[in-house]
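Visitor: I'd like to go over a predicted model; first the sequence, then the structure.
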Amino acid sequence: MSNERFTSVWDAIEATPAEAANMTLRSALMAALRDRISVEALSQSQAAEFLGVTQPRISDLMRGKIDLFGLDTLVNMATAAGLHVEMHISDAA
């Protein structure tokens, strides 16, 4: 058994740092969208109309099906939800 430590779960399970970074961003966007939907107390149908997607897409979002969402889609949805999306870039450790 290894005692290796990781910054995030994605660093532990993804094959490359690039894949881990992508999953980290996608999961953060999905969490923010789920939070917005919950705070606004929207049904899935209302959320779909609000975000400009279908109700099944909202179902996928709420169920955490991260593999079904790309960064572009999530950024578009976050913007539609009135969220400000910002990315910070720094040198790798």
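Guide: Received it, and whenever you're ready, just let me know what you need.
Visitor: residue ranges for the strands of this protein, please.
Guide: Under the criterion DSSP state E, the chain carries no strands.
Visitor: what residues sit buried inside the longest helix belonging to the chain?
Guide: In terms of residue count, the longest helix belonging to the chain (DSSP state H) is helix 17-39. Neighbour counts over helix 17-39 (16 or more other Cβ atoms under 10 Å) mark 20, 22-27, 29-30, 32-34, 36-37 as buried. Every C-beta, even on glycine, is put in place using the N, C-alpha and C of the backbone.
Visitor: how far off centre is it?
Guide: Counting by Cα atoms, centre = their mean, to the nearest Å, helix 17-39 is centred 2 Å from the centre of its parent chain.
Visitor: outside of it, which residues touch it?
Guide: By Cβ atoms under 8 Å, 6 or more residues apart in numbering, the surrounding residues in contact with helix 17-39 are 8, 10-11, 14, 47, 51, 58, 61-62, 64, 66, 69-71, 74-75, 77-78, 81-83, 85, 87, 92.
Visitor: of the residues you listed, buried ones?
Guide: 10-11, 14, 47, 51, 58, 61, 66, 69, 74-75, 77-78, 81, 85.
Visitor: and which of these is nearest to residue 4?
Guide: Of all those, residue 11 has the smallest distance to residue 4: 9.8 Å, by Cβ to Cβ.
Visitor: confidence score at that closest one?
Guide: We have a pLDDT of 58 for residue 11.
Visitor: repeat that for residue 87.
Guide: pLDDT, residue 87: 86.
Visitor: list the contacts of it.
Guide: residue 25.
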